[in-house]
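**Q** fold the following and give me the result.
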Amino acid sequence: MLVKTFSSAVYGINATTVTVETLICPGLHYYIVGLPDSAIKESLHRIESAITNAGYRMPRQKIVINLAPAAIRKEGSGYDLSMAIGILAASEQIRDTLLTDYIVLGELSLDGNIQPVRGVLPVALQAKKDGFKGIILPTANGREAAAVQDLEVLVADNLEEVILFFNGQQQLTSIEIDIENEFLHHINNYDVDFADVKGQENIKRALEIAAAGGHNVILIGPPGAGKTMLAKRLPTILPPLLLGESLETTKIHSVAGQLRALSSLMTARPFRAPHHTTSDVALVGGGASPQPGEISLAHHGVLFLDELPEFKRSVLEVMRQPLESRNITISRAKFSIDYPASFMLIAAMNPCPCGYYNHPEKECICGSAIVHRYLNKISGPLLDRIDLHVEVTPVEFNELSTNRNTETSEIIRERVIRARKIQAERFTSFADIHSNAQMNTPTVHQVCQVSDSGKKLLRAAMERLGLSARAYDRILKVSRTIADMDGSMQIENQHLAEAIHFRSLDRENWAG
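**A** The predicted model follows:
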């Protein structure tokens, strides 16, 4: 008897419906065809044990299972449950009347329990798009799939529950959540706040500008100056995630297996901080079975690279293209996968190996050549993609010990949101540009007009500070953001002056 059940395969951050065709006929041996990987080929051992432990029999005949479309490689253990149901239906141990209504997904244990799988959110979205009534999942994945509205989400803990459901003897638990209320309820949940930071008002100002325009930032200063503390608080002043952004970000984390158990949508902007020993594949994604990297996991959020010069040169250089295009393409001989990677980069570093170059109190023990060699670990092209270079100095004792209240993240975020609204209106007619940092060169020249006196100021600054020509567009972008924060239609000289100040650490001036 031939029976069809339905499962799903995930490629990149999207899913494709897979038809699981099960045929039982006279003969011997079990066969799985349709480009299965090793995990799928091994699944028949798990399925046989699970069926037996559920009180049913494994047919002792020839079983052929085809995973269609056969031209697409299938990976992972998520097909176990669908294949088990197909075998039981083909052997007439359960009814087949409801099989075409549901996507069935889950990994089986030997005792018949159903284990969670990755990539449930894109599977649920594709199931709705393909017109399925619902999806049957492990209990741990239920809330994640329930983020998709108008799709019946049924969960089960073991194989027997699913069998009884298809036989009409028992109903499965249905998961429903009010996604908008849950989204709004958790949208501002952060454990840190800018109110915790004493002093460092100029650094807070720089991070507010970065958040308002979506600019990349590098913080350079001695150990203990607060670089990491400030960086961790940057997501708290970014505009809240929109529902569409949340869905896209959640899909990436779902595919990577990074979602917490029993969670639904991600409501806070991600903050990723990979260690400096990370590999280029771990950062940008890929591998034998391609998975999203850190830059994709930071999509719509912040990627923090602490101790920037300690990263391998090859790791840093692979970020140059994603920083410009806001996506990464993983290419292999037989396929190509795109992962989104629209993130804000915030980097931190010491000014020299000992950490005390230009320190107001402690003496640097590094020679000039050593400082230059240390700073040259970061290439010019990468630095050119960082708009704000900010020097962080140690906080004085008087500022640390004061009880003066400082601005909370909520107050700063309101100003950031106002500036972003101005940019949203400005770029309504521009494709793929949503913030000042995303402007290309023609758009910069169109949007960032300056007066004659402003041009003189720019020329003098570039000559005196030795700024590269590449820094010119970056200064204009940042000055446009500062003007937006002031509610100014024109870029004034004070806006340019502040933007120039944030390029004072450009390569030619770092080591004196």
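**Q** please make it C-alpha for all contacts and neighbour counts, starting now.
**A** OK.
**Q** what segments of the stretch 101-250 of the chain are helices?
**A** Shown for the stretch 101-250 of the chain, the helices assigned by DSSP state H, counting those that start in this stretch span residues 120-129, 142-145, 159-166, 179-186, 201-213, 227-232, 243-255.
**Q** tell me which of those sits nearest to His501.
**A** Proximity to His501, assessed across the helices of the stretch 101-250 of the chain by Cα to Cα, is greatest for helix 201-213 (10.2 Å).
**Q** so, low pLDDT: which residues of the protein?
**A** Low-confidence segments of the chain (pLDDT under 70): 184-189, 261-262, 397-401, 469-470, 504-512.
**Q** next one: the longest strand along it to chain centre, how far?
**A** Longest strand in the chain by number of residues (criterion: DSSP state E): strand 14-25. Distance of strand 14-25 from its chain centroid, counting by Cα atoms, centre = their mean, to the nearest Å, is 30 Å.
**Q** same thing with stretch 44-52?
**A** Relative to the centre of its chain, stretch 44-52 is centred 36 Å away, using Cα atoms, centre = their mean.
**Q** buried set for that stretch?
**A** Neighbour counts using 16 or more other Cα atoms under 10 Å place Leu44, Arg46, Ile47, Glu48, Ser49, Ala50, Ile51 of stretch 44-52 among the buried residues.
**Q** and which of those is nearest Leu219?
**A** Closest to Leu219 out of the buried residues of stretch 44-52 is Arg46 (52.2 Å), distances taken as Cα to Cα.
**Q** and the very next helix or strand once past the longest strand of the chain, which strands flank it?
**A** Note on strand 14-25: by DSSP states H and E, the next helix or strand toward the C-terminus is strand 30-33. According to DSSP bridges, strand 30-33 forms sheet pairs with strand 62-68 (parallel).
**Q** next, the angle from the strand it pairs with to strand 14-25.
**A** Between strand 62-68 and strand 14-25, the angle formed by their directions is 160 degrees, by axes from the mean of the first three to the mean of the last three Cα atoms, to 10 degrees.
**Q** give me the next element, helix or strand, following strand 62-68.
**A** Following strand 62-68 in sequence, per DSSP H and E, is helix 80-90.
**Q** of the helices of the stretch 101-250 of the chain, flag the one that's most buried.
**A** Greatest average neighbour count among the helices of the stretch 101-250 of the chain goes to helix 142-145 (a mean of 26), per mean count of other Cα atoms under 10 Å.
**Q** what's next to stretch 360-377, contact-wise?
**A** The contact list for stretch 360-377, computed with Cα atoms under 8 Å, 6 or more residues apart in numbering, reads Pro309, Arg313, Pro351, Cys352, Pro353, Cys354, Gly355, Tyr356, Tyr357, Asn358, Ala511.
**Q** how is the protein carved up into domains?
**A** 2-177, 185-509 (automatic domain parsing).
**Q** most tightly surrounded among these?
**A** domain 2-177 (a mean of 20).
**Q** which ones are touching the residue nearest the centre of the chain?
**A** The chain has Leu297 as the residue nearest its centroid, 2.5 Å off, counting by Cα atoms, centre = their mean. Going by Cα under 8 Å, 6+ apart, Leu297 touches Thr249, Ile252, His253, Pro270, Arg272, Ala341.
**Q** next one: Ala89
**A** Taking Cα under 8 Å, 6+ apart, one finds Val3, Arg95, Asp96 in contact with Ala89.
**Q** check Gly106 too.
**A** Contacts of Gly106 (Cα under 8 Å, 6+ apart): Ser77, Gly78, Tyr79, Asp80, Leu81, Ser82, Ile114, Gln115, Pro116, Val117, Leu137, Pro138.
**Q** please tell me how far the second one sits from Phe6.
**A** If I follow you right, that is Gly78. Distance, Gly78 to Phe6, by Cα to Cα, to the nearest Å: 11 Å.
**Q** the third one too?
**A** Using Cα to Cα, Tyr79 is found at 9 Å from Phe6.
**Q** secondary structure element for the nearest residue in space to Met58 that is not next to it in sequence?
**A** Sequence neighbours aside, Glu48 is the residue nearest to Met58 in space, at 5.9 Å (criterion: Cα to Cα, 6 or more residues apart in numbering). Element membership for Glu48, per DSSP H and E: helix 43-53.
**Q** hmm, Pro59 and the residue nearest to Met58 touching each other?
**A** No: with contact defined as Cα atoms under 8 Å, Glu48 does not reach Pro59; the gap is 9.2 Å.
**Q** for the longest helix anywhere in the chain, which outside residues touch it?
**A** Identified as the longest helix of the chain according to DSSP state H is helix 409-426. Residues outside helix 409-426 that contact it (Cα under 8 Å, 6+ apart): 193-195, 208-209, 211-213, 236-239, 434-436, 481, 484-485, 487.
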